[in-house]
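Participant: Pasting a predicted model and its sequence here:
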Amino acid sequence: MADVLTATVQNEFAHVLLRTEFSATGSTTALIERSIDGGVTWVTVRGGDAVQLIGPAPGAGNRIGYLYDTEAPFNVALRYRSTNNLGTVTTAGPVTIVVASGVSWMKDPARPWANLKISQCVANAQDVVCVPQPAEPALFLVYNGLGTQTRAADATLFPILNRTRPADVYAKRKDVVTSWQIASVTLTAINSVVTFYAWGGPIFLQLDPEYGWPDRYYQPGDVDEQRISGNLTHPSRTWPVPLAVVDAPVGDAQGTAENNWCVIAATYPTWADLFASGFTWGDVVAGAAVASDGYGFGPYGDGPYGDGG
């Protein structure tokens, strides 16, 4: 038996899978945090403030917990630590999510199964009909779709009788209000984009740093779906959306689409079938018992919590 924290990078999904183990009797929860400055400062990973530990794991006696970190920065050394309710601390890292140049991600902090990778960019929306179609989700970031970034003043001028200058009442300037635009080229991609925006809450954009847009949380406005081609059978669309920078939303991420009790019940008709599979409860929590071949376009697929699949 051992106390250990492991951090497994899954670059294809741009996230880190965290597995924490504690051997002491009475270990019930764990706090999981991330550091990007070598351990000087730490922030709690979403959902990591009270990770439930289950177990004991067969043959080990440890209590274990799993957590995905879907909001970690790219191409940066990441360190993690896990502290159980008894005060025992374990660490992992450094590890790095490696994302190629030109690749961007649009993420939903509350519904990470809806996250979408943007693997290519085009100068203008019309160019998508002229370039090779990428793998699903077939999305492009439109260069000229990154809108003006406005930082509005929070000030009021009051004219004063018999004075040449007004009174100036001001406060801290507002954060960025802007817009962005992506293009989709298949019917499947249309569905993916609609599903991504369906929840209506803040989104998290991680764009290629060459574009000069830092990782930020935005509240999207109205989502427009516009046809690119005059041919109504052509599936290409553009998606211009106004954005306002907001604080990171609170709350845990929604459960994974392909890893929930509904899917467990559909996969294993009886408890005896599940026990006979040879999977441990740790495997069930990690998703291996129902999604050993992966999770669709993203790590969480498009199942019961997604578009009705």
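Facilitator: Great, that's in hand.

Participant: in the longest helix along the chain, what's buried?
Facilitator: Under DSSP state H, the helix in the chain containing the largest number of residues is helix 187-198. Of the residues in helix 187-198, those scored as buried under the neighbour-count criterion (16 or more other CB atoms under 10 Å) are 189-193, 195-197. All C-beta spots, glycine's among them, are computed from the backbone N, C-alpha and C.

Participant: and if you look at stretch 234-254?
Facilitator: By neighbour count, and taking 16+ other CB under 10 Å as the criterion, the buried residues in stretch 234-254 are 235-245, 253-254.

Participant: Return the distance of that stretch from the chain's centre.
Facilitator: The chain centre lies 11 Å from the centre of stretch 234-254; the measure is CA atoms, centre = their mean, to the nearest Å.

Participant: on that earlier part again, who does the longest helix of the chain touch, helix- and strand-wise?
Facilitator: On a contact count with 3 or more CB pairs under 8 Å, 6 or more residues apart in numbering; DSSP states H and E, helix 187-198 meets strand 116-118, strand 139-142, strand 176-184, strand 237-246.

Participant: which one of the ones you listed has the lowest average pLDDT?
Facilitator: Out of the helices and strands packed on helix 187-198, strand 139-142 stands lowest, with a mean of 67 (criterion: mean pLDDT).

Participant: Name the next helix or strand downstream of that strand, please.
Facilitator: Proceeding N to C from strand 139-142, the next assigned helix or strand is strand 150-151, under DSSP states H and E.

Participant: tell me what that next one is packed against?
Facilitator: Strand 150-151 is packed against strand 176-184, with contacts defined by 3+ CB pairs under 8 Å, 6+ apart.

Participant: quick check: angle from the longest helix of the chain to strand 176-184?
Facilitator: For helix 187-198 and strand 176-184, the angle between their directions (axes from the mean of the first three to the mean of the last three CA atoms, to 10 degrees) works out to 160 degrees.

Participant: So what's the gap between helix 187-198 and the chain middle?
Facilitator: On CA atoms, centre = their mean, the centre of helix 187-198 falls 16 Å from that of its chain.

Participant: and the buried residues of helix 187-198 as a markdown table, adding pLDDT and distance to N11?
Facilitator: What follows is the buried residues of helix 187-198, written out as a markdown table (pLDDT from 0 to 100; distance: CB to CB, whole Å):
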| residue | pLDDT | distance to N11 |
| --- | --- | --- |
| A189 | 84 | 22 |
| I190 | 89 | 26 |
| N191 | 88 | 25 |
| S192 | 88 | 20 |
| V193 | 91 | 23 |
| T195 | 90 | 23 |
| F196 | 92 | 21 |
| Y197 | 94 | 25 |
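
Participant: nearest to A110, of those residues?
Facilitator: Closest to A110 out of the buried residues of helix 187-198 is F196 (11.5 Å), distances taken as CB to CB.

Participant: got a list of what the closest one touches?
Facilitator: F196 makes contacts with 106, 108, 114-116, 203, as judged by CB atoms under 8 Å, 6 or more residues apart in numbering.

Participant: Output those residues in a markdown table, with neighbour count and distance to L5 appended to each entry.
Facilitator: Below are the contacts of F196 laid out as a markdown table (neighbours: other CB atoms under 10 Å; distance: CB to CB, whole Å):
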| residue | neighbour count | distance to L5 |
| --- | --- | --- |
| M106 | 24 | 29 |
| D108 | 23 | 26 |
| A114 | 27 | 27 |
| N115 | 25 | 24 |
| L116 | 22 | 29 |
| I203 | 25 | 29 |
